[in-house]
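Enquirer: sequence first, predicted coordinates after that:
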Amino acid sequence: MVKIKTCVFISGKGSNLKNLIINSRDNSFPIKINLIICNNKKAYGINYAKKYRIPYIFINTKMKNYENRILLYLKKYKISFICLAGYMRIISEKILNNYRKRIINIHPSLLPKFKGLETFSRVLKSKEIKTGCTVHFVNKKLDSGSTITQKFFYIKTKDNVEDLKKKTQKLEYRAFPEAIIKIFRD
Ligand code: GAR
């Protein structure tokens, strides 16, 4: 099976990255992670790039024209698919235009509810009965592209922000690989 050359973008802990790396080592999983792009030198997730010997680069998103540098590396590694796994920056139009319907993101809420940051505290505040995660295509608008997969759980009255985070991330580790399989199977 020819695997899709993929780049994962991260900013932090990288637990979804780790999960994708492990899944991608299975022969029947459609993607291979050939490159990791990180915009935070302190991101723990970069340890997974080192551990699994995957090329990685740091990008300073404060630099002018940083998108050109990203595009240069995507080209160098012949990347045709991008996964945003806790990447806390908007993807610029320049990159979107080169990867139309080829960039996906995981978000810790049931979109279109709770776009943006601080999702868990907002979910609790608005007394939702359920929450979960969404994997979606990335477009120009924040957390607004079409949904590929969603998974949910019912919120218990005693759940706090940490509980929601733990339960949501557990679902993310199933949702992200499932979404990727779905895209390349269809
Ligand atoms: C994930 O829960 C993901 O849904 C969220 O960041 C976390 C990253 O965790 N993404 C967003 O909030 C994007 N708006 P990880 O670094 O351990 O994978």
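Expert: In hand now; what should we look at?
Enquirer: three-state assignment of the closest residue to the ligand within the chain?
Expert: As assessed by Cβ to the nearest ligand atom, the ligand sits closest to Gly86 within the chain, at 2.5 Å. To be clear about C-beta, it is placed using only N, CA and C from the backbone, and glycine gets the same treatment. Secondary structure state of Gly86, per DSSP: H, G, I helix; E, B strand; the rest coil, is coil.
Enquirer: show me the contacts for it.
Expert: 10-17, 45, 106 (Cβ atoms under 8 Å, 6 or more residues apart in numbering).
Enquirer: state the pLDDT value of the residue nearest the centre of the chain.
Expert: The chain has Ala85 as the residue nearest its centroid, 2.4 Å off, counting by Cα atoms, centre = their mean. What the model reports for Ala85 is a pLDDT of 98.
Enquirer: quick check: closest non-adjacent residue to it.
Expert: Excluding its sequence neighbours, the residue lying closest to Ala85 (Cβ to Cβ, 6 or more residues apart in numbering) is Asn16, at 3.9 Å.
Enquirer: phi, psi for the one you found please.
Expert: Dihedral pair for Asn16: phi -70, psi -40, per degrees, to the nearest 10.
Enquirer: for this protein, which segments count as helices?
Expert: 15-24, 46-51, 66-76, 93-98, 119-125, 161-185 (DSSP state H).
Enquirer: other SSEs contacting the fifth one?
Expert: When contacts are defined as 3 or more Cβ pairs under 8 Å, 6 or more residues apart in numbering; DSSP states H and E, helix 119-125 sits against strand 130-137, helix 161-185.
Enquirer: at 7 Å instead, please
Expert: helix 161-185 (3 or more Cβ pairs under 7 Å, 6 or more residues apart in numbering; DSSP states H and E).
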